[in-house]
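K.L.:
any chance you can model this:
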Amino acid sequence: MRIVLIVIGVLVLITVLSAFYIVKEPEQVIITQFGKPVGNPISTPGLKVKVPIIQKVHRFDRRFLEWDGDANELPTKDKRFIWVDTYARWRITDPLKFFQRLRDERGAQTRLDDILDGETRNAIAKHELVEVIRASNREPASTELLPEDEAVLEAIDFGRDTIRLEVLEKAQERTADLGIEVLDVQFKRINYVEEVRRKVYERMIAERKRIADRFRSEGEGEASRIRGERDRDLKRIRSEAYRAAQEIKGAADAEATRIYAAAYDQSPDSRAFYEFTQTMETFKRTLDQQSLVILSTDGEFYRWLKTAGNR
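P.N.:
Got it, this is the predicted structure:
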């Protein structure tokens, strides 16, 4: 009997406790009875009461939720294939409608996969590649390496941000009757497929090679100009140096001649000594030990030798 009473007491306690539930701040609640919603959604936090056992509590998040899609290979309007990876933020705005249409967050994620991936595909297919990868008609960051005819980027009419907003608007229209709101859609990553990427790299390499060749050509021209100026300056310097040397040499010779002439004028003996020393220097430069010289008796060489012998 006591055991029966204990069991009954436990069951009564469980029943009473199951009649109470707590709604937390980031939650909103739907109460169902036999699988069907009853009453209005509950979004105010606090202790609440329901019919025990018969009614069931379904909790949904009030905060912003994340949707992260898979990267998909999509074609653009100009038949270029690119990898597009998107993500979005959404929230549950009508818990009752959300429960009736989607049941839970897993169902919502599946439905968002269909909606967002489909709208992204449609938006990308309606625009050319340049519209998808660029956001505005900005000026090139640097035009120093590019010719003037290539320094202007191709103008766009829409741009990536406009396409993103188009996807967001379409997604909001399609989720309006699902009890959810898509708050934001962003392109997380846009990559070329391998074939397009290879062509882009080849074009970039060719462009850089062309710019490098232009720089080399300009460098060779500048080097030739510098070498020409250097050779011209070197010839001018050498010419001026030669002229200065000749002027100095001429001035020295004139000064030496003046000194010699002054010496001749001052003393006959000094003049005779100078003539003698010059004659001896001539002998020294022109004769050696094996030389045989025949001198005339009236020549200058014989006269000085005879004079030196008499002395």
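
K.L.:
tell me where the stretch 51-200 of the chain has strands.
P.N.:
With DSSP state E, counting those that start in this stretch applied, the stretch 51-200 of the chain shows strands at 55-61, 65-68, 72-75, 81-92, 180-192, listed in chain order.

K.L.:
just say helix, strand or coil for Ile226.
P.N.:
Of the three states, Ile226 takes helix under DSSP: H, G, I helix; E, B strand; the rest coil.

K.L.:
contacts only, for Ser18.
P.N.:
By Cβ atoms under 8 Å, 6 or more residues apart in numbering, the contact list for Ser18 reads 52-53. C-betas here are computed from N, CA, C, even on glycine.

K.L.:
now do Arg236
P.N.:
By Cβ under 8 Å, 6+ apart, no residues touch Arg236.

K.L.:
what's the helix or strand for it?
P.N.:
Taking DSSP states H and E as the definition, Arg236 sits inside helix 194-266.

K.L.:
and Pro41, backbone torsions?
P.N.:
Main-chain torsions, Pro41, degrees, to the nearest 10: phi -60, psi 150.

K.L.:
beta-bridge partners for the residue lying closest to Asp68 once chain neighbours are set aside, please?
P.N.:
Spatially, and ignoring its direct neighbours in sequence, Asp68 is nearest to Tyr87 (4.7 Å; Cβ to Cβ, 6 or more residues apart in numbering). Going by DSSP bridges, Tyr87 is paired in beta bridges with Asp68, Gln186.

K.L.:
what is the burial count for Tyr87?
P.N.:
Residues near Tyr87, counting by other Cβ atoms under 10 Å, number 15.

K.L.:
quick one: residues contacting it.
P.N.:
Counting by Cβ under 8 Å, 6+ apart, Tyr87 touches 66-69, 185-186, 188.

K.L.:
just the buried ones among the residues you listed, please.
P.N.:
The neighbour-count criterion (16 or more other Cβ atoms under 10 Å) marks 67, 69, 185 among these as buried.

K.L.:
could I get the phi/psi values of the closest residue to Ala155 other than its chain neighbours?
P.N.:
Spatial nearest neighbour of Ala155, excluding adjacent residues (Cβ to Cβ, 6+ apart): Asn137 at 5.4 Å. With angles defined as degrees, to the nearest 10, Asn137 sits at phi -90, psi 60.

K.L.:
from Ile54, how far off is Asn137?
P.N.:
Plainly put, Asn137 is 64 Å away from Ile54 if you go by Cβ to Cβ, to the nearest Å.

K.L.:
what's the answer for Pro37, then?
P.N.:
For Pro37, the distance to Ile54 equals 13 Å [Cβ to Cβ].

K.L.:
re the thing from before, pipe the buried ones among the contacts of Tyr87 into JSON lines and attach distance to Arg225 and pLDDT per row.
P.N.:
Formatted as JSON lines, these follow (distance: Cβ to Cβ, whole Å; pLDDT from 0 to 100):
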{"residue": "Trp67", "distance to Arg225": "64", "pLDDT": "96"}
{"residue": "Gly69", "distance to Arg225": "60", "pLDDT": "90"}
{"residue": "Val185", "distance to Arg225": "58", "pLDDT": "96"}
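
K.L.:
which one of the residues you listed is nearest to Arg203?
P.N.:
Set against Arg203, the nearest of the buried ones among the contacts of Tyr87 by Cβ to Cβ is Gly69 (29.9 Å).

K.L.:
what's near enough to touch that closest one?
P.N.:
Per Cβ under 8 Å, 6+ apart, neighbours of Gly69: 85-88, 113, 116-117, 120.

K.L.:
check those residues for burial and list the buried ones.
P.N.:
Among the contacts of Gly69, those scoring as buried are 85-86, 88, 116-117, 120 (criterion: 16+ other Cβ under 10 Å).

K.L.:
of these, just say which sits nearest to Asp177.
P.N.:
Asp177 has its nearest neighbour among these in Leu116, at 16.2 Å by Cβ to Cβ.

K.L.:
so that closest one touches Arg174, yeah?
P.N.:
No - at 9.3 Å, Leu116 does not count as touching Arg174 under the criterion of Cβ atoms under 8 Å.

K.L.:
quick one: low-confidence ranges for the stretch 51-200 of the chain?
P.N.:
By pLDDT under 70, the low-scoring segments of the stretch 51-200 of the chain are 139-153.

K.L.:
hey, what's Val29 bridged with?
P.N.:
Beta-bridge pairing for Val29 (DSSP bridges): Ile42, Arg59.

K.L.:
so for it, what's the pLDDT?
P.N.:
pLDDT for Val29: 95.

K.L.:
pick the one among the contacts of Tyr87 closest to Glu247.
P.N.:
Lys188 (82.4 Å).

K.L.:
got a list of what that closest one touches?
P.N.:
If you count contacts by Cβ under 8 Å, 6+ apart, Lys188 has them with 68, 85-87.

K.L.:
and which of the residues you listed is nearest to Ile133?
P.N.:
Checking those against Ile133 with Cβ to Cβ, the nearest one is Asp85 at 13.7 Å.
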